[in-house]
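K.L.:
Need coordinates for the below:
(4 chains, ligands or ions: 4)
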Amino acid sequence: SEKGAGGGSKKLVVGVTMLSMQNEFIVNVHDEMAKKAEAEGVDLITVDAERSPLKQVEQVESFIAQKVDAIIMNPCEVEASSPAVTKALAAGIPIINVNSETSTKPSAFVGSDDVESARIAMKFIAEKLGGKGNVVMMHGYMGQAAQIKREQGAREILKQYPNLKLLAQQTGEWDRAKAMSLMENWIQSYGPQINAVFAHNDEMGLGAVKALEDAGLKSKVIVVSIDAIPDALQAVKKGTLDATVFQNAEQQGSKAIETALKAAKRQAFEKQTLIPFQLVTTANVATFLKP
Amino acid sequence: MKNGFTTSFNQVSTSYKTRVQGIGKYGLLAAFLLICIALSVLTPRFLTVQNLMIIVTQVSINALLAFGVTFVIITGGIDLSIGSMVAVTGVVAASFAHPDTFPVAVPLLMGLLAGVAFGAFNGFVVTRSNVPPFIVTLGTMTIGRGLALILSNGRPVSNLSDSFNFIGGGKVLGVPTLIILLIVAFISCTIVLRKTVLGRYMYAVGGNEQAARASGIRVGAVKMAVYTLCGGLAALAGILLTSRITTGQPNAGAGFELDAIAAAIIGGTSTSGGSGTMTGTLIGALLIGVISNGLDLLNVTSYYQQVVMGIIIIGAVVLDSLHNKTNA
Amino acid sequence: MKNGFTTSFNQVSTSYKTRVQGIGKYGLLAAFLLICIALSVLTPRFLTVQNLMIIVTQVSINALLAFGVTFVIITGGIDLSIGSMVAVTGVVAASFAHPDTFPVAVPLLMGLLAGVAFGAFNGFVVTRSNVPPFIVTLGTMTIGRGLALILSNGRPVSNLSDSFNFIGGGKVLGVPTLIILLIVAFISCTIVLRKTVLGRYMYAVGGNEQAARASGIRVGAVKMAVYTLCGGLAALAGILLTSRITTGQPNAGAGFELDAIAAAIIGGTSTSGGSGTMTGTLIGALLIGVISNGLDLLNVTSYYQQVVMGIIIIGAVVLDSLHNKTNA
Amino acid sequence: MTSDTILQVRGLTKTFSGVKALDDVQLTIRKGEVHALMGENGAGKSTLMKILIGLLTPDSGEILFEGNDLTTGNVGDVLKRGISMIHQEMLMIPELTVAQNIFLGRERSGGLLRWLDDRRLTEKAGALLEQMGVAIRPDMPVKYLSVAQMQMVEIARAISNNASVIIMDEPTSALADAEVATLFRIIGELTRQGVAIIYISHKMDEIFTIADTVTVLRDGKYIATRPAAELDIDTLIALMVGRKLDSLFPVPDGVPAGEVMLSVDGLGRRGVFADISFEVRAGEVLGIAGLMGAGRTEIARAIFGLDRISQGEIRIRGKRVVIHSPQDAIGHGIGYVSEDRKGWGFIPGMSVRENLTLASLRKWSSGPFIRDKQERDVATAMMGELNVKATGPDQLVTYLSGGNQQKVVIGNRLLAQPAILILDEPTRGIDIGAKAEIYRLIHQWQQRGVAIIMISSELPEILGMSDRIMVLAQGKQTTMLSRHEASQETIMRYAMHRDRDTGPTGE
Ligand SMILES: Nc1ncnc2c1ncn2[C@@H]1O[C@H](COP(=O)(O)OP(=O)(O)OP(=O)(O)O)[C@@H](O)[C@H]1O
Ligand SMILES: Nc1ncnc2c1ncn2[C@@H]1O[C@H](COP(=O)(O)OP(=O)(O)OP(=O)(O)O)[C@@H](O)[C@H]1O
Ligand SMILES: [Mg+2]
Ligand SMILES: [Mg+2]
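P.N.:
Ligands and ions are numbered 1, 2, ... in the order given. The predicted structure is shown next:
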């Protein structure tokens, strides 16, 4: 459209819809985007989909009605958020998926593959246990994209280690308190049989750590989770959490803005920017800790 | 002895008219219009045909649920399971909606059937046991969520046929199907409530169950009917949602019950039963939709949006009730 | 309004009300014990001192919230904002609980103050406006969530002092502090409800507000009191949760309101007001906790857990009401 | 069963949580008769009627209606077969209009999804009310009606069913004489057409005016059935109470009235009443009489702070006071017993004890805590004084009979020891024995120096108890009579009084 081309006098406007602004990692990604936008002199309109794909589709519809120059979407769901992509593309507005994917291909993707993060985490457990032992898994909200993908990754690795047994699995709803209660109940059930815990996010991982500490079992059980939120990094440093998987919020955020701007200005841009995960353990935690 | 009454009738009748049939409703309508005017002033993007159409589209799912729950609340009950019903019916419909399998009527019918059956189950337990509807439907809310996950194996049911996706995502003569369906549902529900014997009995059962019983009304049948109706409308909402997002999501509709109940109560339906209108509920749903849309348009920061949202909703209902007071 | 319909509504639910002061309670207790016995048979790990202690610990937060909301429901109101209050008070407390800043009394007091102020605000709006409590507290629920996010910047407030973490995570003479506090709160709430003038007035206001006023009860003051009390108890719950998980979470407590209200209603508190006991509420909360713990111990698959949970809860209340019927 | 027997009940028994409400009761109703069912409060009259109409199921016994078994337990069915009922507790749907309530359940035969024709219902109801000579708008929601008006609507509903048996459970408890006359005229017309009426009332004079046959119940047991002509009032009371009753009204003892406790000057509430001025002294009973809708209740409500006044002033012990709420009124020593005991009287889910002590709870507590034993003692004593019939102080008030509920409400106010007591229809629905007790109590409190205002539609009561009588018509004070000046005729004349200033009213 006329105003976007060449980045004329008018400020560019980018619509951003985020999965959930109550999730620390997502908030971090967004903060990076805001910082980058500020530096580039672009206006961001940020809305929170509150984990509802319907809401997200509606928000994108609203962006289209507002004739924004580009849309950045942090999809709630692979399939369910797809209509948003279709609609944006149909309206001729570039749409960039950040952090996770949709089944309909967007203009560009910036992020990492959730399945991979779980592979990394589970692999760490498998190696620590020497390929043999009992694992319990704490799921996120059942049916959500992140939960499904993290489960998928974990199972891929479990299949490779036939002596690694999945003792129990249950949802902790991404929540620290719920995970703590769940872990307490598992300790009652299985006690010393449990060798490792894989939690789909750090919040739940930290809940599990707390329950294990209270029961005096932490030294005997490995706990690994995903996201590398500051609390988790501290815990890794203290040695209570054995490992977490770092997802680079900073890069995801700034790369997403960069790509969106290029697309809005009709310049060439990367169709896919994959930002690798990194395993964080006591060995390398110092490099991730912000001063 | 007739002579003595005329004066007191006249004044009584004026005071009740303003309250019951007339302006009461307009209090909320006034609050609603006030918010719309404010938004039009604050942002030029609000009052465009396209944006208004988007609002109505966005509101439609909640409005359908709110219509159903209005029936239930009028009889003095409550239905917390509507959100879960959205998920169950959506998953069921999606399972029959893959391309080149069944004609589009099949997923529609199966979804509706699932919702009606679910609602009838609610009604059955409520009427056959002494358990309060709050607990019954809280129970079936949990059960329904579990069922949706079991049926879908915890995964979104995707790859749906275009004809199915058209139901909630298409347009007819430039008007989104959702808006058309919303209007049809609104008119039908209004007719049921105001023009049929069933509607009358809903008010009676909610207004005074003993009196309804003493008038020979089969209270159990009326309750069965409202929960079933509510299930049917939830199924419609579930199917439309599924079609709109082109997937059957087992975790869809979580928390929808509160929004729907809020729309009904903002619209003047009394939680103790016996009163309420579909028009009120529709305005209630539109109010929530407009505020949410407006806050997005104004780019109010996510956290502050929630604060503002809460304040405006309370404010609108306060305005409404003040208005009623001065008229009384 | 001069006529007495409100009371005749109440009569409708008398069947549910017989339980208030008498035998009814034991029906639920029987259902609860039945479930406990079943679990003891199904798994030897259920009936151990350690596991029972864990159950009570896990139940305590919900029970505290349920105590507060029981007060509110007895007066005929409702409080949906308790979950958000947990978040706000938790974040506030955590902000003052970093090591080497303030003595541990400061975060405690600030958290309690936040909860009491929040609750008083609910009470103020409910008594001063005509707005139904459902809408008022739905509004403040949204506002509260927003406030918690604003205060914490959307991030967990962590790095809390050991003395603060002891409050909800420590043990005194081998007994978890949570259990001790739960017992203290239960006894205090029972005394307020059964032995004080305020408690009596709560039943009166919920049982028949007009008759309460005609007896000279300051209905507004009683309502202020219950919402404030509820806020205080939610603050206690928020502080304990924060201390237990050693972080102030802005999204803590989401959905807690439904669990707490469920505990109260399962325990026999009538949604129409005027009846309910703390013992019933405690059993209601324990029931939910035991089922949830039992399903984990039995390692029932996640999806099926929800289905079973819903069925057992409805079943328990059905059993309870059958019991009442034969007693009526 | 003789040929003109239409309804027969044999061996009926009903138990509520172990208490026998009905015990082997029998009843035979003939076509075209008015059959009075008599008994004290709690004798089981309403229970028996609720069983007949299908609202309750009996434990045992049989009911034959027109020769066929009626124990179906289905109200709709019973209504269709030709029995209808005026309920003691006025079962109506507040939000629905008069017309909608009258035809509720009979809008149209057929399924639930049949179309409604509200205009036709309203027309039909209007015609019916007109025919009854009752001026109530058929399109008014019943929640705006006075208790008396509701009772007229109940009557309209029952007679519109073309029933062959109409049960009337205290149909006149809220009605004044004029409306009672209307009802009796209607009853006359119905019986001439062969309709049988089962009539329950605590007003003795009514029984002797219209009843053909009288059946008496006592403590749930059948006592006797007699032709009304063979009974006199003392025999009937003896059958009901099981003993002879002393005089109904206490003898005035001529104790001089004390200081002026309450005075009202030029009190008005726009459109409801105006220019009301009176005073009540300590130890005096001021009666207020008037027709239905004269505004008596409204005056009481205004003084008690339930409604705003638009002009005039209220003085207590000579000092001008402003009363905005019941708390204000109670603070000034005023107690009010409403005519609407369910709406404003008691808390149904609370026990007798809790209801009795509610208004005076602060007296039986130290700080925030209730002194349990004292509370129980006080309540038990009051139960004794009022002769409340209940299983004990912990029985829920909902399960008491109407008369006993009324006693509990009065007891609640008395325990608060008001200096000024306003009683609005204090003996509504109360049996003759209990009435005598309440009169005795009023007299006692009068002797203790309480200023009492008594509003009543029962002229004998007004005449028997009042020192002075204020008569109202159309919201205006038409006279103030002393005890010696007052008679039924004078009161009625002033109650019908039409004020010139208001000009012609009516169509
Ligand atoms: N639902 C109930 N549960 C328990 N007891 C009841 C119930 N209904 C009535 N009773 C008891 O049954 C007895 C008969 O009551 P009923 O209402 O039939 O008396 P009544 O003769 O109509 O009295 P009144 O003249 O005061 O109306 C009373 O002792 C009453 O307390
Ligand atoms: N809340 C109200 N709103 C409108 N009108 C009312 C209201 N309450 C009472 N009225 C009307 O005011 C008039 C006066 O009623 P009120 O109850 O004072 O009469 P009353 O003299 O006490 O007679 P009774 O009690 O026998 O009916 C009635 O016509 C009644 O319908
Ligand atoms: Mg009776
Ligand atoms: Mg009156």
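K.L.:
Right, and chain D sits closest to which residue of the stretch 51-200 of chain B?
P.N.:
The nearest approach of the stretch 51-200 of chain B to chain D comes at residue B:198, 4.0 Å away (Cβ to the nearest Cβ). Every C-beta, even on glycine, is put in place using the N, C-alpha and C of the backbone.
K.L.:
what helices or strands is the helix or strand containing residue D:225 leaning on?
P.N.:
Using DSSP states H and E, residue D:225 sits in strand D:221-227. Applying 3 or more Cβ pairs under 8 Å, 6 or more residues apart in numbering or on different chains; DSSP states H and E, we find strand D:221-227 packed against strand D:19-30, strand D:213-218, helix D:233-241.
K.L.:
Columns mean pLDDT on top of those, output as CSV?
P.N.:
Below are the helices and strands packed on strand D:221-227 laid out as CSV (pLDDT from 0 to 100):
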stretch, mean pLDDT
strand D:19-30, 93
strand D:213-218, 95
helix D:233-241, 89
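K.L.:
Compare the ones you listed and give me the one nearest chain A.
P.N.:
strand D:19-30 (47.8 Å).
K.L.:
Who are the packing partners of the closest one?
P.N.:
Using 3+ Cβ pairs under 8 Å, 6+ apart, strand D:19-30 is in contact with strand D:5-16, strand D:34-38, helix D:45-53, strand D:196-200, strand D:213-218, strand D:221-227.
K.L.:
need the next SSE after the fourth one, C-terminal direction.
P.N.:
Going back to what we said before, that points to strand D:196-200. Heading C-terminal from strand D:196-200, the first helix or strand you meet, by DSSP H and E, is helix D:204-210.
K.L.:
list the buried ones in that following helix?
P.N.:
D:204, D:206-208, D:210 (16 or more other Cβ atoms under 10 Å in any protein chain shown).
K.L.:
For the nearest residue to residue B:162 once chain neighbours are set aside, which three-state class applies?
P.N.:
Spatial nearest neighbour of residue B:162, excluding adjacent residues (Cβ to Cβ, 6 or more residues apart in numbering or on different chains): residue B:99 at 7.3 Å. Under the three-state scheme (DSSP: H, G, I helix; E, B strand; the rest coil), residue B:99 adopts coil.
K.L.:
quick one: residue B:99 and residue B:159 touch, right?
P.N.:
Yes - contact criterion Cβ atoms under 8 Å: residue B:99 and residue B:159 qualify, at 7.0 Å.
K.L.:
from the buried residues of helix D:204-210, which is closest to chain A?
P.N.:
Using Cβ to the nearest Cβ, the buried residues of helix D:204-210 come closest to chain A at residue D:206, 66.7 Å.
K.L.:
circling back to that earlier point, what number of residues lie near the residue nearest to residue B:162?
P.N.:
Neighbour count for residue B:99, taken as other Cβ atoms under 10 Å in any protein chain shown: 11.
K.L.:
need the contact list for it.
P.N.:
Taking Cβ atoms under 8 Å, 6 or more residues apart in numbering or on different chains, we find residue B:99 in contact with B:159-162.
K.L.:
ok, then the element right after the helix or strand bottoming out on mean pLDDT in chain B?
P.N.:
Counting by mean pLDDT, DSSP states H and E, chain B has its least confident helix or strand at helix B:6-20, which shows a mean of 35. Proceeding N to C from helix B:6-20, the next assigned helix or strand is helix B:23-42, under DSSP H and E.
K.L.:
pLDDT weak spots in chain B?
P.N.:
B:1-25, B:322-328 (pLDDT under 70).
K.L.:
I should have written the stretch 101-250 of chain D there, sorry.
P.N.:
Applying pLDDT under 70 to the stretch 101-250 of chain D flags the ranges D:109-114.
K.L.:
Quick one: name the residues of it near ligand 2.
P.N.:
Residues of the stretch 101-250 of chain D that fall close to ligand 2, judged by Cβ under 6 Å from any ligand atom: D:144-146, D:148-149, D:176.
K.L.:
between those residues, which is nearest residue C:285?
P.N.:
Of all these, residue D:144 has the smallest distance to residue C:285: 43.5 Å, by Cβ to Cβ.
K.L.:
so how far is chain B from that closest one?
P.N.:
5 Å (Cβ to the nearest Cβ, to the nearest Å).
K.L.:
swap in residue A:96?
P.N.:
19 Å.
K.L.:
Surely that residue touches residue A:109?
P.N.:
Yes - applying Cβ under 8 Å, one finds residue A:96 in contact with residue A:109, separated by 7.3 Å.
K.L.:
For those two, indicate the residue with more neighbours.
P.N.:
Regarding residue A:96 and residue A:109, a neighbour count based on other Cβ under 10 Å identifies residue A:96 as having more, with 31 against 21.
K.L.:
and that one, that's in a strand?
P.N.:
Yes - assessed by three-state DSSP, residue A:96 belongs to a strand.
K.L.:
residue contacts, it?
P.N.:
Residue A:96 sits in contact with A:70-73, A:106-110, A:256, A:259-260, A:263, where contact means Cβ under 8 Å, 6+ apart.
K.L.:
Can you name the residues bridging to it?
P.N.:
Per DSSP bridges, the residues bridged to residue A:96 are residue A:72, residue A:108.
K.L.:
Next one, pLDDT for it please.
P.N.:
Looking at residue A:96, its pLDDT reads 96.
K.L.:
Now the residue of the stretch 51-200 of chain A found nearest ligand 2: which helix or strand?
P.N.:
Across the stretch 51-200 of chain A, the shortest distance to ligand 2 (Cβ to the nearest ligand atom) belongs to residue A:55, at 45.1 Å. Using DSSP H and E, residue A:55 sits within helix A:53-66.
K.L.:
Mind checking the pLDDT average for that helix?
P.N.:
Rounded mean pLDDT across helix A:53-66 is 90.
K.L.:
what's that helix packed up against?
P.N.:
The contact analysis (3+ Cβ pairs under 8 Å, 6+ apart) places helix A:53-66 against strand A:13-18, strand A:43-48, strand A:70-73, helix A:82-90, helix B:49-74, helix B:219-245, helix B:278-297.
K.L.:
Need the contact partners of the helix or strand just after the longest one.
P.N.:
For helix B:219-245, the succeeding helix or strand toward the C-terminus, using DSSP H and E, is helix B:256-266. Among residues not part of helix B:256-266, those counted as contacts by Cβ under 8 Å, 6+ apart are B:28, B:61-63, B:65-66, B:68-70, B:73, B:78-83, B:86, B:141, B:237, B:271, B:276, B:280-281, B:283-285, B:287-288, B:313, B:316-317, C:80, C:132, C:134-135, C:138.
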